[in-house]
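# Give me the fold of what follows.
(one chain, ligands or ions: 2)
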Amino acid sequence: MRIRAQMAMVMNLDKCIGCHTCSVTCKQTWTNREGTEYVWFNNVETKPGIGYPKHYEDQERWKGGWKLDARGRLTLRSGGRGKRLSRLFANPDLPSIDDYYEPATFDKDILVNAPGGLTDTPVKQPYSTLTGKPMAITWGANWEDSLGGSSGQDDPNLARMTAKVKFEFEKTFMFHLPRICEHCLNPACVSACLSGAMYKREEDGIVLVDQDRCRGWRMCVSACPYKKVYVNHATGKAEKCTFCFPRLEAGLPTICSETCVGRLRYLGLLWYDEDAVLAAASVEDDADLLDAQRSVFLDPNDPAVRQAARDAGMPEDWIEAAAASPVWKLIAEYKIALPLHPEYRTLPMVWYVPPLSPVLDAAGAAGRDDSDADDIFHTIRDLRIPVEYLAELFTAGDTSAVAGVLMKLAAMRSYMRARTLDGTVAQELLDGVGMSAGQVEAMYRLLAVAKYADRYVIPAAHKRQAAELEALGAEHDTCPVSDGPHALEITPLPGRS
Ligand code: SF4
Ligand code: SF4
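Ligands and ions are numbered 1, 2, ... in the order given. Have a look, this model is predicted:
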């Protein structure tokens, strides 16, 4: 067993109001400069919808992530090293600017300085920030939000669903899906990089791009199934979400978390066994990937695991932070957070509590009482919308896994309602989901009323480590040209195995 620490995030989708504050503050912090006008390290999509860039979830089209070859071995969808080398100068699997959107701006002076007394509102034609020419705005990073999800019928997640479900879905539900880089345990971007520029930080698992090493070959863009690596068109180099590592090293949450209006983001450490990653990513059946990924995580309250962490040189405050991690609780203790598209086999580390609100909407649309636990349970069991859709997003199509999580959330809602309004303990609800009253109440506190310090449990980097982390990118000298996970060997920090 090789114990590793991973900084990870969970988002509770029921609380996202789609305000895009996270996207704006991220952009102001990281991509508010020439070359990154079209880049959103954090974006918020309307689901169902085709997302940003368009249809990024269609891996038949973009060849992102991993698949099993005929002999059951994990292999990049974008091809082996030879294929990638042959495509250095003509890569057909790259999104174009039209797949993202052409960024535009306005000459705001004409609006700000318009004389008073005009009978018509002054207007000005937008112009492209890429070409400087006038343009018509026909798409944007959150276009579907403006359209209320009306391009959702082209959503790749609907491809495997029945005609009835597809026909009905638009009338039934929508929700928001905020996305950042997943800082995967088995990152396809790192393995696809031919120059050794992309690497997974040994200290906390954050995936970064060494700007000095990047040659602009863009294999990472094709290989990332979440399309969360971008090319800066001014420098020609790859850039991506940094998980705000300078803030994390100071013990502060990422800027998207800090400013999230819905307070739906949770940050914390997870421990995992690096030796178990390859086997977990290689299980045969897509539907087994959720349990396989959960199985690589190590219990931070287990004395043997804590001792292993100490033996590996983990500082004491990191050991305590792992034990208090809200991410560990939501993913492994309560088992209500799920990974986005586990079938891409990158073992993503930004997980989601799926939204119950589409189920409540569906219950209402079916004439059921959305405050009655039985009615909600029946809706989850009977109505294929939206459970099938959520299963396409979070459990590789396994509806029973996503229904199990929704049942827990519905039970918590009804249990707390009865307890608060009537002062009764609905034991049958607890029995139905196999949780104790203490667990449900702790889960409620974490999801509904958790304070800042409970949502973000972030140990600061130690001074010595911070300096070493900075030097880490310069230290690694192994080119990750093989296709296997963790092809890039990063020099361990002193005192680490
Ligand atoms: S989502 Fe995963 S594969 Fe994509 S850039 Fe992030 S770490 Fe790499
Ligand atoms: S700031 Fe929070 S609530 Fe607003 S869109 Fe982003 S994730 Fe959703």
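# measure the nearest residue to Lys133 once chain neighbours are set aside to ligand 2 for me?
Closest residue to Lys133 apart from its sequence neighbours, by Cβ to Cβ, 6 or more residues apart in numbering: Tyr127 at 6.2 Å. For every residue, glycine as well, the C-beta is placed using N, CA and C. Separation of Tyr127 from ligand 2 (Cβ to the nearest ligand atom, to the nearest Å): 28 Å.
# how close does Tyr127 get to Asp99?
21 Å (Cβ to Cβ, to the nearest Å).
# where does this protein come near ligand 1, residue by residue?
Proximity of the chain to ligand 1 (Cβ under 6 Å from any ligand atom) is limited to residues 181-184, 187-189, 207, 224, 226, 228-229, 240, 346.
# where does the stretch 351-497 of the chain have low pLDDT?
The stretch 351-497 of the chain contains residues with pLDDT under 70 at 383-385, 462-497.
# need the helices for it, in chain order.
Here the stretch 351-497 of the chain has its helices, by DSSP state H, counting those that start in this stretch, at 357-365, 373-382, 384-394, 399-417, 427-433, 437-444, 452-455, 463-475.
# Run the chain-centre distance for the fifth one.
So that's helix 427-433. Distance, stretch centre to chain centre, for helix 427-433: 31 Å (Cα atoms, centre = their mean, to the nearest Å).
# tell me which residues of that helix are tucked away?
Neighbour-count burial for helix 427-433, counted by 16 or more other Cβ atoms under 10 Å, picks out 429-430, 432-433.
# Over to stretch 103-113?
103-104.
# before we move on, back to that, which pair in the residues of the chain next to ligand 1 spans the largest distance?
The span of those, defined through Cβ to Cβ, is set by Lys240 and Thr346 at 13.5 Å.
# Settle it for me: which of these two has more neighbours?
Thr346 (29 against 22; other Cβ atoms under 10 Å).
# Surely the more buried one is in contact with Gln59?
No - using Cβ atoms under 8 Å, Thr346 is not in contact with Gln59; the gap is 11.3 Å.
# Get me the contact residues on the stretch 151-300 of the chain for ligand 2.
176, 178, 260-262, 264.
# 5 Å instead?
Residues of the stretch 151-300 of the chain lying near ligand 2 by Cβ under 5 Å from any ligand atom: 178, 260-262.
# Sort out which of the residues you listed are buried, if you could.
With neighbours counted by 16+ other Cβ under 10 Å, these contain buried members at 178, 260, 262.
# Tell me the one of the residues you listed nearest Ser371?
For these, the nearest to Ser371 is Gly262 (21.8 Å; Cβ to Cβ).
# In this structure the closest one contacts Gly18, no?
No - under the criterion of Cβ under 8 Å, Gly262 makes no contact with Gly18, lying 9.1 Å away.
# Filter the buried ones among the residues of the stretch 151-300 of the chain next to ligand 2 down to just the ones in helices.
In helices, judged by DSSP state H, none of these are found.
# Arg84 contacts Arg77, correct?
No - Arg84 is beyond contact range of Arg77, at 11.4 Å (criterion: Cβ under 8 Å).
# Next, format the helices of the stretch 351-497 of the chain as CSV and append distance to Ile331.
Formatted as CSV, the helices of the stretch 351-497 of the chain follow (distance: least, Cβ to Cβ, whole Å):
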stretch, distance to Ile331
helix 357-365, 21
helix 373-382, 21
helix 384-394, 12
helix 399-417, 11
helix 427-433, 17
helix 437-444, 12
helix 452-455, 15
helix 463-475, 25
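# Of these, which is nearest Glu45?
Closest approach to Glu45 among those is made by helix 384-394 (10.8 Å; Cβ to Cβ).
# Check the burial of the residue in the stretch 301-450 of the chain that ligand 2 sits nearest to by counting its neighbours.
Relative to ligand 2, the nearest point of the stretch 301-450 of the chain is Tyr352 (11.0 Å; Cβ to the nearest ligand atom). Counted with other Cβ under 10 Å, residues neighbouring Tyr352 total 26.
# roughly how far apart are Phe89 and Trp217?
For Phe89, the distance to Trp217 - Cβ to Cβ - is 9 Å.
# Kindly report the same for Gly79.
Gly79 sits 13 Å away from Trp217, going by Cβ to Cβ.
# what residues do Thr346 and Gln59 have in common as contacts?
Here Thr346 and Gln59 share the contacting residues 65, 225, scored by Cβ atoms under 8 Å, 6 or more residues apart in numbering.
# Provide a list of residues in contact with the residue nearest to Lys133.
104-107, 133-135.
# Tell me, please, where in this protein the pLDDT is lower than the cut-off.
Confidence mapping of the chain against pLDDT under 70 gives the ranges 146-153, 162-172, 383-385, 462-497.
# how about the residue lying farthest from the centre of the chain, phi and psi?
Going by Cα atoms, centre = their mean, the residue of the chain most distant from its centre is Gly117, 49.3 Å out. Phi and psi for Gly117, reported as degrees, to the nearest 10, are phi 80, psi 10.
# And the residue of the stretch 201-350 of the chain found nearest ligand 1, how close does it get to Gly205?
With Cβ to the nearest ligand atom as the measure, Cys224 is the residue of the stretch 201-350 of the chain nearest to ligand 1, at 3.2 Å. Counting by Cβ to Cβ, the gap from Cys224 to Gly205 is 16 Å.
# higher neighbour count, the two?
Cys224 (30 against 22).
# Tell me what the residue positioned nearest the centre of the chain is bridged to.
The residue lying closest to the centre of the chain (Cα atoms, centre = their mean) is Val350, at 4.1 Å. Applying DSSP bridges to Val350 gives these bridge partners: Met9.
# Then Lys200?
Taking DSSP bridges as the rule, Lys200 bridges to Val207.
# distance of it from ligand 2?
Lys200 sits 25 Å away from ligand 2, taking Cβ to the nearest ligand atom as the criterion.
# how many neighbours does that residue have?
Lys200: 24 neighbours (other Cβ under 10 Å).
# how near is it to Met7?
For Lys200, the distance to Met7 equals 11 Å [Cβ to Cβ].
# what is in contact with these two at once?
Common neighbours of Lys200 and Met7 (Cβ under 8 Å, 6+ apart) are 183, 206.
# list the contacts for the residue in the stretch 51-200 of the chain positioned nearest to ligand 2?
Closest residue of the stretch 51-200 of the chain to ligand 2, Cβ to the nearest ligand atom: Pro178 (4.0 Å). By Cβ under 8 Å, 6+ apart, the contact set of Pro178 is 11, 16, 22-23, 42-45, 256.
# I appreciate the help and will end here.
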